[in-house]
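>>> Build me a structure from this.
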Amino acid sequence: MADRFGHNFCLLQGPHGPIFSQLGQFLEQAGARAWRASFNGGDAFFLGNKARFIAHTESVETWPAALSKIIAERSKGLKA
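Below is the predicted model of the structure:
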């Protein structure tokens with residue numbers, strides 16, 4: 001069912017706990033892809049789908065370029 005609508009979501013900062021994992025599951029059940037970008041390695045603990053985890057381990061100054069790259073890579077093949 002994934003990609004049925006051609007939507008990608010990149011979840012960033014949020015509350016501690018399983019909320020982003022649950023939100024990601026909900027979005028994927030609705031036909032979207034949900035990616036989780038993290039600045040803290042501990043965030044992976046709560047993520048159900050580790051294949052959708054993006055760890056940003058570089059400095060905050062590199063984040064804008066990294067986000068642009070993430071968007072470009074994850075948008076390939078999506079419907080307009």
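>>> Distance of Ala65 relative to Glu58?
Ala65 sits 9 Å away from Glu58, going by CB to CB, to the nearest Å. (Glycine included, C-beta is placed from N, CA and C.)
>>> and if you look at Arg52?
20 Å.
>>> Tell me which of the two has more neighbours.
Counted by other CB atoms under 10 Å, Arg52 and Glu58 do not tie: Arg52 has more neighbours, with 19 against 11.
>>> Would you confirm that the more buried one contacts Ala37?
No. Arg52 is not in contact with Ala37 according to CB atoms under 8 Å; the separation is 9.8 Å.
>>> Helices along the protein, start to end?
19-29, 63-75 (DSSP state H).
>>> so which of those helices gets nearest Ala44?
helix 19-29 (10.3 Å; CB to CB).
>>> contacting residues around the residue nearest the centre of the chain?
Nearest to the mean C-alpha position of the chain, counting by CA atoms, centre = their mean, stands Trp35 at 1.6 Å. Counting by CB atoms under 8 Å, 6 or more residues apart in numbering, Trp35 makes contact with 8-11, 52-54, 70, 74.
>>> Quick check: of the residues you listed, which lies closest to Ala30?
Phe9 (10.1 Å).
>>> what about burial for the contacts of Trp35, which qualify?
11, 52, 70, 74 (16 or more other CB atoms under 10 Å).
>>> rewinding a little: for my notes, please list the contacts of Trp35 in JSON lines and give distance to Gly41 for each entry.
Formatted as JSON lines, these follow (distance: CB to CB, whole Å):
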{"residue": "Asn8", "distance to Gly41": "23"}
{"residue": "Phe9", "distance to Gly41": "21"}
{"residue": "Cys10", "distance to Gly41": "18"}
{"residue": "Leu11", "distance to Gly41": "16"}
{"residue": "Arg52", "distance to Gly41": "16"}
{"residue": "Phe53", "distance to Gly41": "10"}
{"residue": "Ile54", "distance to Gly41": "12"}
{"residue": "Ile70", "distance to Gly41": "17"}
{"residue": "Arg74", "distance to Gly41": "21"}
